[in-house]
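# Generate coordinates for the sequence data below:
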Amino acid sequence: MSIASALKARDPAQLPSKRDEDWRWTDLRGLLRVLPPPAGPVDLAGLGTGPFDALATQTHILAGGREAVEIVVPAQGEATLALRAVSRGEAALSARASVRVGRGAKLRLFESYEGDAGAYVTHVGLEIVLEEGAALERIVLAADGDDGVLVSQAQVALGARAEYGQTVVTSGARRQRLETAVDHPGADAKVRLDGAYLLAGKRHADLTTVVRHLGVDGTTSQLAKGVVRDQARAIFQGRIVVEEGADRTDARMGHHALILSDQAEVDARPELLIHADDVQCAHGNTIGRLDEEALFYMRQRGLPEAAARGLLIEAFVGEVADRMWNEAAREPIRAWLAERLAG
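Below you'll find the model as predicted:
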């Protein structure tokens, strides 16, 4: 089932629905009875600057009239690039990007999803390949409008000794799914898959990941944290599969969420599927409310309740930014989180 094909044919029947197990909490077919027309050409020069343009040496844009981007970093090269997917009005955007990081090369990729107030539907498919010894840190900021629908699907393939780090932060949308699937070769390759969500109103965010360990001596570390309030809904689906023969795999997954209102909802499904021996694998999941004892302690020292709550929440989600490999890349994420918390 292809979302890109559904948008091209304007056929909602081709969209995934709650009957599909991995989509049961993000039902697109039930939501979208009619699909909007394809996005028309957009004046790229008139889009203004993106959230990461100042940090990148080059920015690539996916928008109406430009639906494909190819990024290649040659062997032993190094680059810091931005990729912007921009959605405008009541239109459908189906776009794709391919990223290849050559042997021993390094790439820092700042990826942003930017939507206006329109009832748009956007699908972006990414194919990411890291050759032997390559390193990629991917930072994803999803800033969609209240009425927007976004699905981002990344397929990642790693070579031996490659390092792939990912941090996704989002404020949700009408419907939003940020999905990453990784083929992990073992062979001393390392994967970090992190995410943070701050949801309010009736916004919805779905963070779904699948990592398949295919060989010996592979490492995966995953941490997702989120805060939901009002009538917002968050979904976390993390699956780590250790295939037969992928011995000495070290895989850790954690998801932790705070619910700040009675009508907010978090659905979580962390999974470990292990078909090998001699592995170190663990996962954890917690969903709860703010620590009242910590809040009382801070208020006893003169902090107003709102300020105390804000500091506790900022410390809670800030751990995701702290795990990023590059110090300079942490700052825009910390700033975005602080801005949303202040609001």
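# quick one: the residue lying closest to residue 101 once chain neighbours are set aside from residue 82, how far?
Closest residue in space to residue 101, ignoring its immediate chain neighbours: residue 134 at 4.1 Å, by Cβ to Cβ, 6 or more residues apart in numbering. Placement of C-beta: from N, CA and C, glycine included. Going from residue 134 to residue 82 by Cβ to Cβ, to the nearest Å gives 19 Å.
# how about residue 210, phi and psi?
Here is the backbone geometry of residue 210 (degrees, to the nearest 10): phi -140, psi 130.
# wait, isn't it in contact with residue 239?
Yes. Using Cβ atoms under 8 Å, residue 210 is in contact with residue 239, at 4.7 Å.
# Out of the helices and strands in this structure, which is least certain?
In the chain, no helix or strand scores lower on mean pLDDT, DSSP states H and E than helix 292-300, which sits at a mean of 73.
# Quick one: name whatever helix or strand follows that one.
Remark: after helix 292-300, the chain's next helix or strand is helix 305-322, criterion DSSP states H and E.
# immediately after that following helix, which helix or strand?
Downstream of helix 305-322 (by DSSP H and E), the next one is helix 327-342.
# hmm, back to that, ok, the residue nearest to residue 101 - contacts?
Taking Cβ atoms under 8 Å, 6 or more residues apart in numbering, we find residue 134 in contact with 73, 101, 102, 103, 104, 105, 106, 107, 159, 162, 163.
# CSV for those, including secondary structure and distance to residue 330?
As requested, the contacts of residue 134 are exported to CSV (DSSP: H, G, I helix; E, B strand; the rest coil; distance: Cβ to Cβ, whole Å):
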residue, secondary structure, distance to residue 330
73, strand, 22
101, strand, 21
102, coil, 26
103, coil, 27
104, coil, 25
105, coil, 22
106, strand, 17
107, strand, 17
159, coil, 27
162, coil, 22
163, strand, 17
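# Top of these by number of neighbours, please.
Neighbour counts for these (other Cβ atoms under 10 Å) peak at residue 101, which has 29 neighbours.
# from what I can see that residue touches residue 129, true?
Yes. Shown here, residue 101 and residue 129 form a contact pair, counting by Cβ under 8 Å, at 7.1 Å.
# if we can go back for a sec, just the angle for the least confident helix or strand of the chain relative to helix 305-322, thanks.
When axes from the mean of the first three to the mean of the last three Cα atoms, to 10 degrees is applied, the directions of helix 292-300 and helix 305-322 differ by 120 degrees.
# Tell me, how many residues neighbour residue 225?
Neighbours around residue 225, by other Cβ under 10 Å: 22.
# Check whether it really touches residue 315, as I assumed.
No. With contact defined as Cβ under 8 Å, residue 225 does not count as touching residue 315 (10.5 Å).
# Show me the common contact partners of those two, please.
With Cβ under 8 Å, 6+ apart, residue 225 and residue 315 have no common neighbours.
# separation between residue 215 and residue 329?
Distance of residue 215 to residue 329, computed by Cβ to Cβ: 29 Å.
# can you count the residues close to the residue lying closest to residue 337 once chain neighbours are set aside?
Residue nearest to residue 337 in three dimensions, not counting chain neighbours: residue 317, with 5.8 Å by Cβ to Cβ, 6+ apart. Neighbours of residue 317 under the rule other Cβ under 10 Å: 24.
# Residue 317 contacts residue 223, correct?
No. Residue 317 lies out of contact with residue 223 (Cβ under 8 Å); the separation is 10.5 Å.
# quick one on the thing from earlier: need phi/psi at the residue nearest to residue 101.
phi -80, psi 160.
# Correct me if wrong: residue 22 contacts residue 208.
Yes. The criterion here is Cβ under 8 Å, and residue 22 meets it with residue 208 at 6.9 Å.
# Show me whatever sits in contact with both of those two.
With Cβ under 8 Å, 6+ apart, residue 22 and residue 208 have common neighbours residue 237.
# how close does the residue nearest to residue 337 sit to residue 194?
11 Å.
# Now do the residue sitting nearest the centre point of the chain, the pLDDT please.
Centroid-nearest residue in the chain, with Cα atoms, centre = their mean: residue 168, separated by 3.6 Å. With respect to pLDDT, residue 168 scores 98.
# Could you point out the bridge partners of it in the sheet?
Counting by DSSP bridges, residue 168 is bridged to residue 140, residue 195.
# Hmm, residue 207 and it touching each other?
Yes. Using Cβ under 8 Å, residue 168 makes contact with residue 207 at a distance of 6.4 Å.
# any shared contact partners between these two?
178, 195.
# Flag every buried residue along stretch 260-272.
260, 264, 265, 266, 268, 269, 270, 272 (16 or more other Cβ atoms under 10 Å).
# which SS class is the closest residue to residue 3 other than its chain neighbours?
Nearest residue to residue 3 in three dimensions, chain neighbours excluded: residue 123, at 4.5 Å (Cβ to Cβ, 6+ apart). Following DSSP: H, G, I helix; E, B strand; the rest coil, we place residue 123 in the strand state.
# Which per-residue confidence value corresponds to residue 123?
Model confidence at residue 123, given as pLDDT, is 98.
# For it, list the residues it contacts.
3, 4, 7, 93, 94, 95, 150, 151, 152, 153.
# same thing with residue 187?
The contact partners of residue 187, by Cβ under 8 Å, 6+ apart, come to 159, 160, 161, 215, 216, 217, 218.
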